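[1] from the sequence below, what's the structure:
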Amino acid sequence: MRPARQMTVAQYSSGRSPTGLRTRLTVIVRRVKSDDEILDMVRRDPGLAELLRDVCEFDLTRGDHVESVRLLSRQVLEGIAGDFTGGTFFLCGERRSIRPVLYASSEGQAGLIGHSLAEALEVMIGLPSWWDCLKFSGGGDLVTMQSAADHLQRDEFRDQPELGAKRIQLARALSLDLATVPLLLARLRDAVAGSEPNFLLTIETGEEYESLFGPWSPSRNPSWVEIPPSRPERQDQECRPAAGR
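    Below is the predicted model:
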């Protein structure tokens, strides 16, 4: 059963209408689940945890990073999950209802991917391979990220057509929104761009991790280069020299 969304209803008096009747505007605001609420839901439900691993490669049993790291700002880091490549997801700062989420790869890139766990998961659930949208971003260019996302969507539809239904199932189970791809790309780009200066990750020697924005464009991936259609062969009668009279 899909968990019910928790709503806050606020009513505001909006003055009188041209007929002299006072109108009232009702605004419904969705309460965002706290980071701990989401983590507790996943920990209590093995099926949900497995679905989260399948769709997002977000595994709560992999919270230890490959090396000792810290934020340059000295804020607290709490590793909560890892992916299949050795990357780690961290909550940043002192414990409170929502905290920024930082991702650190095993290859030396790191940055924010959301201002709360709910926001980060909406990006990971809604985007096909969010990591590759950053890797092939041309240094954080939104148009380039959209181009990469288009290629990644086509790849997913071809190779893993079942993932679309799993994304919807996962978002519903966690009471999260599935926003449009352009909106999610903008959120992700803004989060990564906001990593400096407070969320720069370093190793013990002080060496900083690189940005999550990769320098490449989608043309760097040879499987995404569109091959122009070959010219149709001319019919034999068109190629055959005309017979003499």
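[2] CA atoms of the helix or strand hosting residue 145 as CSV?
    Per DSSP states H and E, residue 145 falls inside helix 142-159. This file holds the C-alpha atoms of helix 142-159, laid out as CSV (Å, rounded to 0.1, in the frame of the first residue of the first chain):
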residue,chain,number,x,y,z
LEU,A,142,23.0,22.3,-18.3
VAL,A,143,22.4,21.9,-22.1
THR,A,144,25.2,19.4,-22.3
MET,A,145,23.7,17.5,-19.3
GLN,A,146,20.4,17.3,-21.0
SER,A,147,22.0,15.9,-24.1
ALA,A,148,23.7,13.2,-22.0
ALA,A,149,20.4,12.5,-20.2
ASP,A,150,18.8,11.9,-23.6
HIS,A,151,21.4,9.4,-24.6
LEU,A,152,21.2,7.7,-21.2
GLN,A,153,17.4,7.4,-21.4
ARG,A,154,17.6,5.8,-24.8
ASP,A,155,20.2,3.3,-23.4
GLU,A,156,18.0,2.5,-20.5
PHE,A,157,14.9,1.9,-22.6
ARG,A,158,16.9,-0.4,-24.8
ASP,A,159,18.8,-2.3,-22.2
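[3] and that helix, what's buried?
    Using 16 or more other Cβ atoms under 10 Å as the test for burial, helix 142-159 gives 144, 145, 146, 147, 148, 149, 151, 152, 155, 156. All C-beta atoms are positioned from the backbone trio N, CA, C, and that covers glycine.
[4] turn these into CSV, columns for distance to residue 180 and pLDDT.
    Conversion of those to CSV gives the following (distance: Cβ to Cβ, whole Å; pLDDT from 0 to 100):
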residue, distance to residue 180, pLDDT
144, 18, 96
145, 14, 96
146, 11, 96
147, 16, 95
148, 16, 95
149, 11, 95
151, 17, 95
152, 15, 95
155, 19, 94
156, 16, 92
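[5] now, which of these sits nearest residue 113?
    Proximity of these to residue 113 (Cβ to Cβ) peaks at residue 145, which lies at 13.2 Å.
[6] just the helices in the protein please.
    Applying DSSP state H to the chain gives helices spanning 35-44, 46-56, 117-126, 130-135, 142-159, 163-173, 181-193, 236-239.
[7] in a markdown table, list these along with distance to residue 65.
    Formatted as a markdown table, those follow (distance: least, Cβ to Cβ, whole Å):
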| stretch | distance to residue 65 |
| --- | --- |
| helix 35-44 | 18 |
| helix 46-56 | 18 |
| helix 117-126 | 17 |
| helix 130-135 | 16 |
| helix 142-159 | 26 |
| helix 163-173 | 25 |
| helix 181-193 | 18 |
| helix 236-239 | 65 |
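[8] among these, which is nearest residue 217?
    Residue 217 sits nearest to helix 142-159 of all the helices of the chain, at 5.5 Å, using Cβ to Cβ.
[9] between the closest one and helix 181-193, how big is the angle?
    120 degrees (axes from the mean of the first three to the mean of the last three Cα atoms, to 10 degrees).
[10] hang on, the earlier thing: for residue 97, which of the helices of the chain is the nearest?
    Proximity to residue 97 (Cβ to Cβ) singles out helix 35-44 among the helices of the chain, at 7.0 Å.
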